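Q: With the input below, show me the fold.
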Amino acid sequence: MVADQHALDRRRFLRTVGAVTAGTVAATGLPGAAASAAPAETAPLAGPAPVAAPDGAAVTAAATLSQGDFYDRNPRWTVKPFGLDQVELLDGSLFAEKRDRILNLLRTYPADRVLHNFRVTAGLTLPEGSTPPGGWDDATGNLRGHYSGHLITAFAQAYASTGDSVYGDKVDYIVAELVACQAAMAASGRFSHPGFLAAYPEDQFVRLESFATYPTIWAPYYTCHKIMRGLLDAYLLAGNAQALTVVTAMGDWVHSRLSVLPRETLNRMWAIYIAGEYGGMNEVMADLHALTGDAKYLATAKCFDNRQSLFDACVEDRDTITRLHANTHVPQFVGYLRVFDQGAEQTYHAATENFWHMVVPHRMYAHGGTSGTWPATPDLPANTNAELFQPRGNIANSIAGNGAETCTSYNLLKVARNLFFHDPDPVYMEYYERTLLNHILGSKRDNESATTPNVTYFLPLTPGSTRGYGNTGTCCGGSGLENHTKYQESVYFRSADNSTLYVNLYVASVLTWEANGFIVRQETDYPRSEQSKLTVQGRGRLDIRLRVPGWAKDFSVKVNGVARKGRVTPGSYLSIQRNWKPGDTIEVTIPFVLRLEKALDDPDVQAIFNGPVLLPALGTGNTFKEFSFYRHFTLAGDLSRAVVPVGDGTFTTNAHTLRPLHVGDTQAQHVYFRRSEPAIAFGSHDSGVPNRKRPDGTSFLDEVWAAAPFKSHSQFMTKVSRTSNEWVQAGLLTRDERWDIITAAGNAEDELES
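A: Reported below is the predicted structural model:
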């Protein structure tokens, strides 16, 4: 937390009254602070103080609204999140380690780089030595400004999460300078509306309306969304009142362009590959409606309905997403939920829910990601673009090329989270944990850098693939800055009536719930630990609901040291209702279990998990490794003898090292392997009979071991005898083969019981 509380209080005061002027910013000592900032009007301390915005919109600048309070206003959520500033991530955890590497980058990142392309477009003087962010956000690219928007959000999230003024100072400086850029653009008369603000001229937006294609133009509204989202976050997370004035004016400009276009034109625009990609523009416009009450912003949000490409099909639950660009479409559904939240019809929620179930699990890889390439099939031509949704149920057949764009997982987490707010189904948080612990944590390299976020674009699944890090200025580089500065956002939720606290994730953190008088401290090193301890400070009635992971077999809880009795159902929430008093504790034990997940389209292609943690096998080679496990099984029927721990979350099997995906380096790995069980064998006793399969792909050993655990060798022999007899009747075994199988099973008694 910030050591100088006086400085922090002063900052909050300045933001509250919207009085961050050029002089105030200059006082922070940031380079070039007063180079071009225009003075801002100072609002009175008391009473409503509307600040005039273009098109007659009014923004009340007398007080800023916190993220938590903004969430609290949503009338359609039955479950609500806490603001980032209400949940503190504790040091020492895996999450804190990954976060701190991004925070160190943000701490030293020059704010003037964020502003460079805006100043050029506005015709303002550049500070000496100023350079653009780079990558796709260079001095001439058609996407410049997008990475700057992500940086503003990252600074705001860092400030809300830590309270460290170094990040708040950067937000204030950037916003004040964007005020000057917006004013200079308006004064130039070169743009269609005084609210225009971008890092390049308006021509890309004009050309989109004439249906220009990529790469002539490159997703102008996508870039606009990143800037507007950054400004909204500057307001809600960092308390900068000027940011709301700037982004509201931008909203007026968006309204002025789109409200005059016929529906047919809008439909065609959003259906253009890449050029029509708009990120979450419907989300930010709906948020502006929620903040200002102005109906035109909600109407503008609906202008982004992707009617030609996907919206109506999803309302009707028709799966048409194959070959669509995944990350173009996923964030649109976050926006549809926001539009629904503001009073729109049920179709917006239905479209989102139906879309979600088209992706999860039907197009979801083991680490939670989606999209990939695939070879030609009799029904479908080949695809070489790894950013496109694969066919429904196509997992093993699409593990090729790069695949699994990290941006897409970033947005799928948003969809899962927002669906949960309407319907607290544990399935959404099951997905959230899977993807956060594996794809997102695994997307961050475990080293320091002062120049690059060191995150992945793709997190590939191809056998023997390596992760490529860096991504300064790319889409995944920008969302990566955000991913690792907001880990705590979904650890805890609350019911709308504040009677229930949901503990969704086991992450070392402190929740400060002032409105309810509770502080909850969670101490754990999950997922490197299988325990978590929650200590409650506060007094009163509260229902605390602990998420029981779907894979957890022996989830147990102690309250004040006393074991809680009763049934625990995996894939649900365990409710603990009581009158809490200060110092009460909840101790959670979640024994990890080794388990296998089969690809939907090929049950022999599998991935290994230890509890929630995906365990790729290290090694090169571009073909699937072949693993066998049944020979190592005991009567327990588990992987405990086949996959052996060697420390630090690492295991060995079949002479290969298995290691958590969240370890961020560039070693070659195999996320999936091919299961090979060619012969029917028990321990060292091989029957000599091939392990044949039924027409549905189930092998003889699959069917036998599906009945595990066995209480005794006798029970095991009964299962072998019955199954082998059924397979003889089905013509899959001969009677002599059946006898050989039973003999081998009987001779393996000592090994099976050990």
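Q: so Leu511 sits right up against Val87, yeah?
A: Yes - the pair Leu511 and Val87 qualifies as a contact (C-beta atoms under 8 Å) at a distance of 5.3 Å. For glycine as for every other residue, the C-beta is placed from the backbone atoms N, C-alpha and C.
Q: ok, the two, which is more surrounded?
A: Applying other C-beta atoms under 10 Å to Leu511 and Val87 shows that Val87 carries more neighbours, namely 26 against 21.
Q: Okay, buried residues for the longest helix seen in the chain please.
A: Assignment by DSSP state H gives helix 165-188 as the longest helix of the chain. Buried positions in helix 165-188, judged by neighbour count with 16 or more other C-beta atoms under 10 Å: 165-186.
Q: circling back: list residues touching both of Leu511 and Val87?
A: Val491, Tyr492 (C-beta atoms under 8 Å, 6 or more residues apart in numbering).
Q: if I look at Pro220, how far off is Gln308?
A: For Pro220, the distance to Gln308 equals 18 Å [C-beta to C-beta, to the nearest Å].
Q: cool, and Asn747?
A: 67 Å.
Q: One more: Asn610?
A: 45 Å.
Q: Among the two, which residue is more densely surrounded?
A: Asn610 (22 against 17).
Q: lowest confidence element among the helices and strands of the chain?
A: helix 22-26 (a mean of 31; mean pLDDT, DSSP states H and E).
Q: pLDDT score for the residue lying closest to Thr216 once chain neighbours are set aside?
A: Distance criterion C-beta to C-beta, 6 or more residues apart in numbering; nearest residue to Thr216, sequence neighbours excluded, is Arg207 at 7.0 Å. Predicted confidence (pLDDT) for Arg207: 98.
Q: Can you give the domain ranges for the protein?
A: The chain breaks down by automatic domain parsing into domains covering 1-64+109-278, 494-586, 689-754.
Q: Return the most buried member of those domains.
A: domain 1-64+109-278 (a mean of 20; mean count of other C-beta atoms under 10 Å).
Q: Off-centre distance for it?
A: 24 Å (C-alpha atoms, centre = their mean, to the nearest Å).
Q: same thing with stretch 362-381?
A: The answer for stretch 362-381 is 20 Å, by C-alpha atoms, centre = their mean.
Q: Quick check: buried residues in that stretch?
A: Result for stretch 362-381 [16+ other C-beta under 10 Å]: buried residues 362-374.
Q: related to what we said a few turns ago, name the helix or strand for the residue nearest to Thr216, please.
A: Secondary-structure assignment from DSSP states H and E places Arg207 in helix 203-208.
Q: tell me which strands and helices that helix is in contact with?
A: Applying 3 or more C-beta pairs under 8 Å, 6 or more residues apart in numbering; DSSP states H and E, we find helix 203-208 packed against helix 220-236.
Q: same for the helix it packs on, what does it pack against?
A: Counting by 3+ C-beta pairs under 8 Å, 6+ apart, helix 220-236 packs on helix 146-162, helix 165-188, helix 203-208, helix 241-258, helix 281-292.
Q: Could you export the ones you listed to CSV, including columns for distance to Gly621?
A: Shown next, in CSV, are the helices and strands packed on helix 220-236 (distance: least, C-beta to C-beta, whole Å):
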stretch, distance to Gly621
helix 146-162, 36
helix 165-188, 44
helix 203-208, 45
helix 241-258, 50
helix 281-292, 43
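Q: Identify whichever of those lies nearest to Asn471.
A: Of all the helices and strands packed on helix 220-236, helix 146-162 sits nearest to Asn471, with 9.7 Å by C-beta to C-beta.
Q: Arg101 in helix, strand or coil?
A: helix (DSSP: H, G, I helix; E, B strand; the rest coil).
Q: likewise Val646?
A: Applying three-state DSSP: Val646 is strand.
Q: measure His662 to Ser409 for me?
A: Counting by C-beta to C-beta, the gap from His662 to Ser409 is 14 Å.
Q: More neighbours: those two, which one.
A: Between His662 and Ser409, Ser409 has the larger neighbour count (other C-beta under 10 Å), namely 32 against 24.
Q: Surely the more buried one forms part of a helix?
A: Yes - under three-state DSSP, Ser409 sits within a helix.
Q: Would you check that it makes contact with Met364?
A: No - shown here, Ser409 and Met364 do not form a contact pair, counting by C-beta under 8 Å, at 9.7 Å.
Q: okay, and the common contacts of those two?
A: In contact with both Ser409 and Met364: Thr370, using C-beta under 8 Å, 6+ apart.
Q: Remind me what the longest helix of the chain packs against, helices and strands.
A: Packed against helix 165-188, as judged by 3+ C-beta pairs under 8 Å, 6+ apart, are the following elements: helix 5-16, helix 22-26, helix 94-108, helix 111-122, helix 146-162, helix 220-236, helix 241-258.
Q: Mind checking the ones you listed for the one nearest to Pro463?
A: For those, the distance to Pro463 is smallest for helix 94-108, at 26.1 Å, taking C-beta to C-beta.
Q: Quick check: mean pLDDT of that closest one?
A: Helix 94-108 comes out at a mean pLDDT of 98.
Q: which other helices and strands contact that helix?
A: Helix 94-108 packs on strand 87-89, helix 146-162, helix 165-188, helix 441-442, helix 475-483, going by 3+ C-beta pairs under 8 Å, 6+ apart.
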